[in-house]
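Visitor: have a look at this prediction, sequence included:
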Amino acid sequence: MSILERPRLRRETSAEPGSEEPSRPRRRRRWVAGAVGVVAAGLVLAPYAVQLEPTTAALPEDAGLMVPGYGPHGVYGLDYRFGETVTMSVPLANASAVPWRITSAELVEPAYPLLEPVGGTFEPVTLMPFGEVSVDLSFEYTNCRYYHERANNTYDQVLVTGTVLGREVTRTIDLTVPLVVHSQVIMNCPDRTLIRGDDRRI
């Protein structure tokens, strides 16, 4: 190039209209929409995240006898006393990061349980994330007329119901030490008679 020629200036081409970066309000709307989506997904999935640890019921010393030779952790044989009541304390440990308001807890039982729940209305309790609470469950020894003296009931699960973020959730947890209740001979069961066909035995 000679010194008489002027250098040509490069023209900067303008960006395509569609290639412009989104404005701040648009980016803010997208961020808000994403945050709302995350919250909504959390509300939907939170009830599925609730988990409880297996538990062991605590009973009074005179309630029965621990038999370590049965099962991985043994069994606890309750001393059936017709018409009397027994109260057990059941620890509930939250294994999740979701708080849970517990509205009921009960043993999973057969059609004619030898332990019948008593005690009135269950008082709701709040189980915090990774926290633990204990609930008391009271029962009356009854229904022995439906069983012969070699029959028994085994209780190895607890049914827990509550609410998580306003939605009802139910979980069944295992008792690490199952409870066993043996039926009684006729002398210890006032409901049983000697009339043929009067007892609905199982």
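Guide: All right, it came through fine. Numbering: from 1, shown residues only.

Visitor: okay, CA-based contacts and neighbour counts for the rest of this
Guide: OK.

Visitor: list the buried residues in the biggest strand by length in the chain.
Guide: Of all the segments of type strand in the chain, defined by DSSP state E, the longest one is strand 167-182. Counting neighbours by 16 or more other CA atoms under 10 Å, one finds that the buried residues in strand 167-182 are 169-170, 172-182.

Visitor: helices or strands next to the helix or strand that contains residue 116 in the packing?
Guide: Per DSSP states H and E, residue 116 falls inside strand 115-118. For strand 115-118, the helices and strands in contact under the criterion 3 or more CA pairs under 8 Å, 6 or more residues apart in numbering; DSSP states H and E are strand 132-141.

Visitor: tell me the strands beside the strand holding residue 116, with direction?
Guide: strand 132-141 (antiparallel) (DSSP bridges).

Visitor: care to break this protein down by domain?
Guide: Domain assignment for the chain by automatic domain parsing gives 22-47, 51-188.

Visitor: and those, which one is worst for confidence?
Guide: Here the domains of the chain differ in mean pLDDT, and the lowest is domain 22-47 at a mean of 56.

Visitor: what separates the residue positioned nearest the centre of the chain from residue 87, distance-wise?
Guide: For the chain, the residue whose C-alpha lies nearest the mean C-alpha position (CA atoms, centre = their mean) is residue 171; its distance is 3.4 Å. From residue 171 over to residue 87 the distance is 22 Å, taken as CA to CA, to the nearest Å.
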